[in-house]
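Q: give me the fold of what follows.
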Amino acid sequence: MNLKAPIIIEIVFLLIGFLIFFISGNDFYIYNFAYIGTALAIGIGLLSNGYRYGRNVVMIGIGCYILIFLGIMSHENMLMSGFWYYLFLGVFEAAVIHYLVAKIIGPFLFGRGWCGYACWTAMILDLLPYKVPQNPRKNFGHVRYILFIAILCFVSGLFIFKVSNLESIIYYSFIVGNIIYYILGISLAFVLKDNRAFCKYICPITVFLKPTSYFSLLRVTVEEDKCIRCNKCLKSCPMDVDMLNNSRKRENGTECILCMECVRNCPSNALDL
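A: As a prediction, the model looks like this:
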């Protein structure tokens, strides 16, 4: 059994938790990152030892924790609206730390690994029937930028116009926002026959993820002398990434969610992380 990667992941997340604890003085972050690291280690351990459902296990474990415990029960808005809200308040809350670690700084190391292993929207979308896109990629990815600006304007407006009951508004925007995301995500998946259509065209978080993911240290690459050009990696990729090109400029290169479907489907073992 391969335990090297899970152990490294557990250690890294514990170190992050203790670092934030020393900065903030709040021991919650030790337990928070210990839980996330453990869930991720279990999922990666299952995945690296041949259990295909490993990624679903970790997504459900982390996704439900963030959505239900941090979001609904603890009234912490973990959506982008929450990030802007706490940032504008100057409060070092869970949402700000979450975005810094998972979506702003972290992608320099693991790219869009968040999307493949922890997103609570994608944890549902990945259970739908269209794991492999059935249609060519569409050209309306600009919607994500419109939504990004709209959310920023919404939160800015709350502060500019000094709206009362900000905490309640931000909390309910988390509830309503998630409902909208699930409706949109599931609808698009069935209409476009692509589970990850929401991630490709709508999700505003990718505005943060795409630039930093370009420089990601962890990348799937191909050994060209082993490749037999069967294109199974291209056909199995849920994000339409050109895995046969090692350039950082490869088509949809910043979209890779490290799901490892391409590696698993390669008959000649030409792909690796």
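Q: ok, how many other residues are close to the closest residue in space to Tyr65 that isn't next to it in sequence?
A: Spatially, and ignoring its direct neighbours in sequence, Tyr65 is nearest to Tyr35 (6.5 Å; Cβ to Cβ, 6 or more residues apart in numbering). To be clear about C-beta, it is placed using only N, CA and C from the backbone, and glycine gets the same treatment. Counted by other Cβ atoms under 10 Å, the residues lying close to Tyr35 total 16.
Q: try the one 10 residues further on
A: As a burial measure, the neighbour count of Gly45 was computed by other Cβ under 10 Å and equals 22.
Q: what's the pLDDT at the most centrally placed residue in the chain?
A: Most central residue of the chain, judged by C-alpha distance to the mean C-alpha position with Cα atoms, centre = their mean, is Cys115 at 2.2 Å. Each residue has a pLDDT score; the one for Cys115 is 91.
Q: equivalent analysis for Phe198, please.
A: At Phe198, the model reports a pLDDT of 95.
Q: helix or strand for the residue nearest to Tyr65, which one?
A: With elements taken from DSSP states H and E, the one containing Tyr35 is helix 28-48.
Q: and if you look at Ile60?
A: Assigned by DSSP H and E, Ile60 belongs to helix 54-64.
Q: helix or strand next in line after that helix, which one?
A: Where DSSP H and E defines the elements, the next helix or strand beyond helix 54-64 is helix 80-89.
Q: could you say what helices and strands that next one packs with?
A: For helix 80-89, the contact count by 3 or more Cβ pairs under 8 Å, 6 or more residues apart in numbering; DSSP states H and E identifies helix 94-98, helix 143-160, helix 166-192 as packing neighbours.
Q: if you set the cut-off to 6 Å instead, what comes out?
A: Of the remaining helices and strands, those touching helix 80-89 by 3 or more Cβ pairs under 6 Å, 6 or more residues apart in numbering; DSSP states H and E are helix 94-98, helix 143-160.
Q: OK, contacts around Phe108?
A: By Cβ atoms under 6 Å, 6 or more residues apart in numbering, the contact set of Phe108 is 212, 215.
Q: follow-up on the earlier one: list the buried residues in the helix holding Tyr35.
A: Buried positions in helix 28-48, judged by neighbour count with 16 or more other Cβ atoms under 10 Å: 29-30, 32-48.
Q: hang on, the earlier thing: state the pLDDT value of the residue nearest to Tyr65.
A: Residue-level confidence at Tyr35 comes out at 91, pLDDT.
Q: and it, how far from Asp27?
A: For Tyr35, the distance to Asp27 (Cβ to Cβ, to the nearest Å) stands at 13 Å.
Q: try Ile20
A: 10 Å.
Q: neighbour-wise, which of the two wins?
A: Higher neighbour count among Ile20 and Asp27: Ile20, with 20 against 11, using other Cβ under 10 Å.
Q: tell me who's in contact with that one.
A: Counting by Cβ under 6 Å, 6+ apart, Ile20 makes contact with Tyr29.
Q: Glu76 against Val91, yeah?
A: No - assessed by Cβ atoms under 6 Å, Glu76 is found out of contact with Val91, at 10.9 Å.
Q: looking at the two, which has the bigger crowd around it?
A: Residue environment comparison for Glu76 versus Val91 gives the larger neighbour count to Glu76, 19 against 11, counting by other Cβ under 10 Å.
Q: tell me the pLDDT of the more buried one.
A: At Glu76, the predicted lDDT confidence score is 91.
Q: so who does it touch?
A: When the contact criterion is Cβ under 6 Å, 6+ apart, the partners of Glu76 are 70, 94.
Q: look up how far Lys138 lies from Pro204.
A: Distance check for Pro204 against Lys138: by Cβ to Cβ, it reads 17 Å.
Q: quick one: which of those two has more around it?
A: Counted by other Cβ under 10 Å, Pro204 and Lys138 do not tie: Pro204 has more neighbours, with 20 against 13.
Q: tell me which helix or strand that one sits in.
A: Judged by DSSP H and E, Pro204 forms part of no helix or strand.
Q: cool, and the one 5 residues further on?
A: Remark: Leu209 resides in helix 206-213, with elements defined by DSSP H and E.
Q: which residues sit against the very next helix or strand once past that helix?
A: Tracing the chain past helix 206-213, the next element assigned as helix or strand by DSSP H and E is strand 221-222. Applying Cβ under 6 Å, 6+ apart, the contact partners of strand 221-222 are 244, 246, 270-271.
Q: fine by me, thanks again.
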